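[1] Build me a model:
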Amino acid sequence: MTTLNIGGLIPESVVDGPGIRFALFAQGCKHDCPQCFNNELQEFRQTRLLTIDEILNQIQQYQSKGVTFSGGDPFEQAEGFAELAKHCRKRGLSIWCYTGYTYEHLLTDPPKLELLKELDVLVDGPFVLAKKDISLHLRGSSNQRLIDVQASLNNGTIILYHEKSI
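    Numbers count the residues shown, from 1 in each chain. Predicted coordinates for the structure are as follows:
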């Protein structure tokens, strides 16, 4: 049974994407962004191991309409998060994901690509302190993009997410 190393979860988040979402925070991140918002989640250490079924039961308990993967970096556990995302998609949930990797990099890494294919919106790129902008919607620095993943994959070019597009 697949387990994920989860550094935290918020069953009813209103800041990790549109609407009320179930937010999961992966433990472990290689990007080491200065002044990371979730600095305590960067270290690769075992925190809370949850099975896919345990996570799905919690999501169902809160009747979430959407799920957000954040971290740390969910792409460090790409295979497990891809499996979870497939189950979430079958349940009709929208799936957002925050990562320090760029969309272009994810296309070149087969395990990471499998997770990417399951997402609706990807917020990509590392947090860059010099580009910090608190006026930005749903991201911390201006280099980060909100990408409509399904439209981007279908068109072969990056399509940015707009509030009404998904």
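[2] ok, whichever strand or helix holds Ile10: who's next to it in the sheet?
    Under the assignment given by DSSP states H and E, the secondary-structure element containing Ile10 is strand 3-13. According to DSSP bridges, the neighbouring strands of strand 3-13, each with its direction, are strand 21-26 (antiparallel), strand 48-51 (antiparallel).
[3] what about the strands in the chain?
    Read by DSSP state E, the chain holds these strands, from start to end of the chain: 3-13, 21-26, 48-51, 66-71, 94-98, 121-124, 145-148.
[4] And those strands: which comes nearest Thr157?
    For those, proximity to Thr157 was assessed by C-beta to C-beta; strand 145-148 is nearest, at 10.6 Å. Every residue, glycine included, has its C-beta placed from N, CA and C.
[5] Would you indicate which residues of that closest one are buried?
    Buried positions in strand 145-148, judged by neighbour count with 16 or more other C-beta atoms under 10 Å: Leu146, Ile147, Asp148.
[6] Can you name the residues bridging to the second one?
    Following DSSP bridges, Ile147 is listed with bridge partners Leu122, Leu160.
[7] what about it, distance to Val128?
    The gap separating Ile147 from Val128 is 17 Å, by C-beta to C-beta, to the nearest Å.
[8] how about the residue nearest to the spatial centre of the chain, what does it touch?
    Note on the chain: the residue nearest the mean C-alpha position is Cys97, at 1.9 Å, using C-alpha atoms, centre = their mean. Contacts of Cys97 were listed using C-beta atoms under 8 Å, 6 or more residues apart in numbering, and they are Thr68, Phe69, Ser70, Pro74, Phe75, Phe81, Leu115, Leu119, Val121, Leu122, Val123.
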